[in-house]
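1. coordinates for the following, if possible.
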Amino acid sequence: MSGTVSAPQSPTEWLIFAVGVFFIVSTAVFLTTENFVTSIEMGVSSMAITVGLATALVFTWRRVSPIITR
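-> Numbers count the residues shown, from 1 in each chain. Coordinates of the predicted model:
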């Protein structure tokens, strides 16, 4: 690893990434609104969006990559 950032590969890495997004968003919302419930809700929704987008990207890539690499 010479300073390169690669996308998460395994489901465990995606889960860690999603939890990281949850903590970042919920902390940011909590610091701006000072409402703990709202920060948790925003964190969960952003985590769900991240997982959904990641899943869609992985499935799309698995469908498209054989066509590209032909």
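2. quick check: longest helix in the protein by residues?
-> Counting residues, the longest helix found in the chain (DSSP state H) is helix 36-68.
3. now for that one, which elements pack on it?
-> helix 11-33 (3 or more CB pairs under 8 Å, 6 or more residues apart in numbering; DSSP states H and E). The C-beta positions use only the backbone N, C-alpha and C, and glycine is treated the same way.
4. how near is Phe36 to Trp14?
-> According to CB to CB, to the nearest Å, Phe36 and Trp14 sit 27 Å apart.
5. pLDDT below threshold where in the chain?
-> 1-8, 70 (pLDDT under 70).
6. try it again with 80
-> Residue ranges of the chain with pLDDT under 80: 1-15, 18, 30, 33, 35-36, 65-70.
7. count the neighbours of Val44 for me.
-> Using other CB atoms under 10 Å, Val44 has 13 neighbouring residues.
8. residues touching it, list them.
-> 22, 26 (CB atoms under 8 Å, 6 or more residues apart in numbering).
9. how close does it sit to Ile16?
-> For Val44, the distance to Ile16 - CB to CB - is 16 Å.
10. ok now the longest helix of the chain, how far from the chain's centre?
-> Remark: helix 36-68 is offset 6 Å from the chain centroid, using CA atoms, centre = their mean, to the nearest Å.
11. circling back: looking at Phe36 and Trp14, which is more packed in?
-> Trp14 (17 against 11).
12. and the more buried one, how close does it get to Trp61?
-> 13 Å.
13. repeat for Ile68
-> 9 Å.
14. quick one: which of those two has more around it?
-> Ranked by neighbour count (other CB under 10 Å), Ile68 and Trp61 place Trp61 first, with 11 against 7.
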